[in-house]
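Novice: quick one, what's the 3D model for this:
(2 chains)
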Amino acid sequence: MNQNPVFVGIDNYVAILSNNVFLRAMANTLYLTCVSVIFHLLLGLGFAMLLDTQVISPLTRALFRVIYILPWVFTASIIAILWRLMLNPNGVINYLLMWSGAVSEQIEWLSSRQVALHAVTFINIWAGYPFYMVSLLAGLQGIPADIYEAGKIDGANGWKSFRFITLPQLKPIIISLAMLDFIWTMQQFTLIWMTTGGGPIRTTEMLSTFTYKLAFSSYDFSLASTMAFIILLLSLFIALFYVRNQRATDE
Amino acid sequence: MNRVLSPTAHNLLIKILIIGGLILGALFAGFPVLWMVTSSFKSNTEIFAFPPRLITESFSFSAYREVLTNPQQLRFFFNSYVVSTFVTVFTVVVGILGGYSFSRYNFPLKKLLNLIIIGVQAVPPITLMIPYFGLIIALRLYDTYGALILTYMVFTLPYAIIMMTGYFNTLPRDLDEAVMIDGGSPAVALWRVLVPISLPGIVSVGVYTFMLAWNEFLFALTLTRTNEMRTVPVGIQLLMGQHSYEWNQMMAMSVLGSLPVLILFTIFQRYFIAGMSSGSVKG
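Specialist: Numbers count the residues shown, from 1 in each chain, chains lettered A, B, ... in the order given. Alright, predicted model coming up:
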């Protein structure tokens, strides 16, 4: 520890904001977060609506519900290891894709500069949609049946009743979920650290992994703290919107 | 489409589409988990066998035997159980005490304290990694159970206190007053009357806390150094370097490492999902 700390003003912030790796990590984090939030929402809503249909018996529905929740039960480091096995160039995913003719040669999912970022985003999507599904399913079941009845009388069926009844009813939940997810995914560390470690050549470097490396690989604790504070500001910024949205729905 | 098909054919088509969607979704969600479980029963040489198969001739429990007889890996599990259990017990006790005082007493700075507790929940763990690293070193707790237990409680306590405050708020004050009239102290009112009634809430806080502590990775990685102190999530990672990818053992360890959470999740599914989604679902 330095016995004579020096106050450096905003020097650290100038250094970090002009750092190429930081800008790269920022762009990667935004990509991971935005794509994850969108697909979490699409998958979560899709699965919730499938589970909400009356076509299948309650027992089958309960079985599917358990299967759909499965990814939620596993911790990020275990999910990372599992997908490293599945996405291994000699692994089962490549085999299935080649067998079906979708690709003609083995893909280096996690070590190719072109696909690694998409691959980790896919893993994060797989790991995170059940939270949306569970919340949206509760939301769907909370929509009073007579709204749909009234809609039917006015001629709203299928797509129209989804567009004009289901979506507006779920809107507060969707906004809350998206904001929470944005905060959580922005700081996703374990999954990235244990699949690619930010590589190859920084193509999957995130704000979180870069902060960790600055602190514990380069021992540059002051720059790392600067990064950490930027992440904190971003999170608080979104949390502020979340709280305002919660207040609005409470009233 | 309605005009081309008769109503029954139309309904049948919708039914087929829904069932097809359900099955595709189940493959997407379930196949990786199935692959994890079946791989843990393979021999390491057959992990990447071509063509891949779910069940191979070498089906055996040897990967589990390896993991469960290796003192190193048993130590990871032991550490995880110690840390998670202590975090859960301390969190539940402090959560009950904190919830009780927030619910029943007025004291200076109550609003500010409440605001801080809620605010801490919005702080990402990665931003606290560096200050806590310095603090833990200064307290000479680096590479000890204490380091993990103390830092995990920073993240489990706010939820516990908020939940318990809410729970106690739903219980009428007449309960406490009846105890006081009979000559009991507030402690008697809390532990003999309020706590037994609040057991469902306490259990859900406990389960949530245990799962959070069991799964934690970042602080376990930064605040411990020796293999004697590593927990399961970090320990699995070490298995990769040391043994040049013993995939079947890593999968066996993943299954074993997920079992406690899986069991808790299955038993307390209702509580847990209600608690997790109460923040985002209104009515």
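Novice: span of stretch B:240-254 from start to end?
Specialist: Stretch B:240-254 has an end-to-end distance of 13 Å (CA to CA, to the nearest Å).
Novice: list the buried ones in it?
Specialist: B:Y245, B:E246, B:W247, B:N248, B:Q249, B:M250, B:M251, B:A252, B:M253, B:S254 (16 or more other CB atoms under 10 Å in any protein chain shown). No exception for glycine: its C-beta is placed from N, CA and C like everyone else's.
Novice: what mean pLDDT does it have?
Specialist: Average pLDDT, stretch B:240-254: 80.
Novice: what helix or strand does the residue nearest the centre of chain B sit in?
Specialist: By CA atoms, centre = their mean, the mean C-alpha position of chain B lies nearest to B:M211, the distance being 1.7 Å. Element membership of B:M211, judged by DSSP states H and E, is helix B:199-215.
Novice: for A:L223, give me its contacts.
Specialist: A:N12, A:A15, A:I16, A:L214 (CB atoms under 8 Å, 6 or more residues apart in numbering or on different chains).
Novice: before we move on, what about A:F189?
Specialist: The contact partners of A:F189, taken as CB under 8 Å, 6+ apart, are A:M206, A:S208, A:T209, A:Y212, B:I126, B:F217, B:L218.
Novice: now rank those by neighbours and give me the top one.
Specialist: Neighbour count (other CB atoms under 10 Å in any protein chain shown) singles out A:M206 as the most crowded of the contacts of A:F189, with 31 neighbours.
Novice: and the residue nearest to that residue when sequence neighbours are not counted, what does it touch?
Specialist: The shortest distance from A:M206 to any non-neighbouring residue, by CB to CB, 6 or more residues apart in numbering or on different chains, is to A:T29 (4.8 Å). By CB under 8 Å, 6+ apart, A:T29 lies in contact with A:M186, A:M206, A:L207, A:S208.
Novice: against which helices or strands is whichever strand or helix holds A:L59 packed?
Specialist: Assessed by DSSP H and E, A:L59 sits inside helix A:58-73. Counting contacts by 3 or more CB pairs under 8 Å, 6 or more residues apart in numbering or on different chains; DSSP states H and E, helix A:58-73 packs against helix A:20-52, helix A:116-141, helix B:7-39, helix B:247-267.
Novice: helices or strands up against the shortest one?
Specialist: The helices and strands touching helix B:247-267, judged by 3+ CB pairs under 8 Å, 6+ apart, are helix A:58-73, helix A:76-86, helix B:7-39, helix B:62-69, helix B:71-104, helix B:199-215, helix B:232-242.
Novice: please enumerate residues in contact with that helix?
Specialist: Contacts for helix B:247-267 (CB under 8 Å, 6+ apart): A:73-75, A:78, A:81-82, A:85, B:36-37, B:39-44, B:47, B:62-64, B:66-68, B:73, B:77, B:80, B:84, B:207, B:210-211, B:214-215, B:232-233, B:235-236, B:239-240, B:243, B:272.
Novice: filter these down to the buried ones.
Specialist: Using 16+ other CB under 10 Å, the buried ones in these are A:73-75, A:78, A:81-82, A:85, B:36, B:39-42, B:44, B:47, B:62-64, B:66-67, B:73, B:77, B:80, B:84, B:207, B:210-211, B:214-215, B:232-233, B:235-236, B:239, B:272.
Novice: roughly how far apart are A:L85 and chain B?
Specialist: Distance, A:L85 to chain B, by CB to the nearest CB, to the nearest Å: 6 Å.
Novice: ditto for A:L43
Specialist: Distance of A:L43 to chain B, computed by CB to the nearest CB: 8 Å.
Novice: swap in A:F229?
Specialist: Relative to chain B, and taking CB to the nearest CB, A:F229 is found at 7 Å.
Novice: what about that residue, which helix or strand?
Specialist: helix A:221-250.
Novice: list the buried ones in that helix?
Specialist: A:221-232, A:234-235, A:238-239, A:242, A:246.
Novice: which one is A:N124 nearest to, not counting chain neighbours?
Specialist: Computed as CB to CB, 6+ apart, the closest residue to A:N124 that is not its neighbour in sequence is A:S36, at 5.0 Å.
Novice: give the contact list for that neighbour.
Specialist: Contacts of A:S36 (CB under 8 Å, 6+ apart): A:T121, A:N124, A:I125, A:G128, A:D181, A:T185.
Novice: same question for B:Y64.
Specialist: B:S40, B:A252, B:L256.
Novice: so how far is chain B from A:Q141?
Specialist: 10 Å.
Novice: now do A:A156
Specialist: Taking CB to the nearest CB, one finds A:A156 at 14 Å from chain B.
Novice: count of residues packed around that residue?
Specialist: Look at A:A156: counted by other CB under 10 Å, it has 17 neighbours.
Novice: helix, strand or coil for it?
Specialist: Of the three states, A:A156 takes coil according to DSSP: H, G, I helix; E, B strand; the rest coil.
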